[in-house]
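*Asks:* okay, structure incoming, though there's no sequence with it:
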């Protein structure tokens, strides 16, 4: 199959990956209602089709946090994404740099921030959770600064981990250690291309940024145990003030779904916020991100940049999100599908697909720049 859209790359990823990795990327919390609504609600937004306008030149360029980019798209942080292809986060960061968009590395990446930084010309963004081990957090901020990072995403919608049934069934997080390891071994053996490329040639598997606290020879079960023990349910806006005071670069708050919380983020002095429900992986039954977006945009009145995350699967979705009040979008699953299916080329292809779809949507809506993409083009 020659992939034509993001759904095609999803199918290719499913064929190549062991089941437990694909289900981890693809799944959501509980019955996955919010996961489904993220995409469905975006697709319900209709645009006004306009005709007989000069659309011979369409620009998708944008400016975010003082930097110019070719697309209003950021590659979102995705945990253990680097296990989907050999040294996967390095490949994704390189693809993002070639396409002129930002890449954000997860705290719980497979490749460390130092390894990713060595693979690209410019520093990447970095995402951090509020965790109990404040010493680790301080060290991680210092490592990010040493790597040249000037944009920090702070994820606030995961004070406790949610339940993801697919991960339990696949053996990623459910059952005894023996059952989990047996299930993952069998699933890996049934995916020989992945097993050779990542399982054998992709070593060392050190779980990147948290390797120093896990110790040598730590595996994925040690990773989940450490992560579950270190989620901090006591975090408040006061806690975030400490981050704002100690981080000299740009600070973006990820995981906002409520207008009052958006105002809090602005008052904190954040440079941006991300309207996100964690891709439907946390509170099942929460609003889809696109439905939460308009009142949030109204609440902050352009005081800080707004990005939309969760549910974006096409360039048309990007246009819908920007018309609804976002300055840009973040994509998570789409770039990981591309990475799993075809490594760096897959990520490049995914970004090219989104760009082409976006240009067509803008042109047929009579828009030649992002300045034209606003609520006036909504039907």
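*Replies:* Yep, it's here. Please read all numbers here as calculations on a predicted model, not as lab measurements.

*Asks:* if I look at residue 343, how far off is residue 355?
*Replies:* Counting by Cβ to Cβ, to the nearest Å, the gap from residue 343 to residue 355 is 19 Å. Any C-beta I mention is one placed from the backbone N, CA and C, and that applies to glycine too.

*Asks:* do residue 191 as well
*Replies:* 30 Å.

*Asks:* so what's residue 362 up against?
*Replies:* 55, 58, 60, 319, 368, 372, 373 (Cβ atoms under 8 Å, 6 or more residues apart in numbering).

*Asks:* now the helices for the stretch 201-350 of the chain?
*Replies:* Under the criterion DSSP state H, counting those that start in this stretch, the stretch 201-350 of the chain carries helices at the ranges 211-214, 220-230, 237-246, 259-268, 289-300, 315-323, 333-364.

*Asks:* now render these as CSV, adding distance to residue 108 and mean pLDDT.
*Replies:* Shown next, in CSV, are those (distance: least, Cβ to Cβ, whole Å; pLDDT from 0 to 100):
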stretch, distance to residue 108, mean pLDDT
helix 211-214, 11, 80
helix 220-230, 7, 77
helix 237-246, 18, 85
helix 259-268, 23, 95
helix 289-300, 22, 97
helix 315-323, 26, 98
helix 333-364, 14, 98
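
*Asks:* so for residue 71, which of the ones you listed sits nearest?
*Replies:* Closest approach to residue 71 among the helices of the stretch 201-350 of the chain (Cβ to Cβ): helix 333-364, 5.7 Å.

*Asks:* the closest one: how far from the chain's middle?
*Replies:* 14 Å (Cα atoms, centre = their mean, to the nearest Å).

*Asks:* can you count the residues close to residue 24?
*Replies:* 24 (other Cβ atoms under 10 Å).

*Asks:* quick check, it in contact with residue 172.
*Replies:* Yes: using Cβ atoms under 8 Å, residue 24 is in contact with residue 172, at 5.6 Å.

*Asks:* on that earlier part again, quick one, which of the helices of the stretch 201-350 of the chain is packed in tightest?
*Replies:* helix 315-323 (a mean of 26; mean count of other Cβ atoms under 10 Å).

*Asks:* give me the contact list for that helix.
*Replies:* 42-43, 45, 47, 72-73, 290, 293, 308, 311-312, 328-329, 353-362, 365, 367, 370, 373-375, 377-378.

*Asks:* looking at the chain, which residue lies furthest from center?
*Replies:* residue 52 (37.6 Å; Cα atoms, centre = their mean).

*Asks:* now the nearest residue to residue 195 once chain neighbours are set aside: which helix or strand?
*Replies:* Nearest residue to residue 195, sequence neighbours excluded (Cβ to Cβ, 6 or more residues apart in numbering): residue 188, at 4.9 Å. Element membership of residue 188 [criterion: DSSP states H and E] is helix 177-189.

*Asks:* list the buried residues of that helix.
*Replies:* Using 16 or more other Cβ atoms under 10 Å as the burial criterion, the residues of helix 177-189 that qualify are 180, 183, 184, 187, 188.

*Asks:* what mean pLDDT would you report for that helix?
*Replies:* Mean pLDDT, helix 177-189: 91.

*Asks:* counting contacts, what elements does that helix pack onto?
*Replies:* In this structure, helix 177-189 packs against helix 19-26, helix 220-230, with contacts taken as 3 or more Cβ pairs under 8 Å, 6 or more residues apart in numbering; DSSP states H and E.
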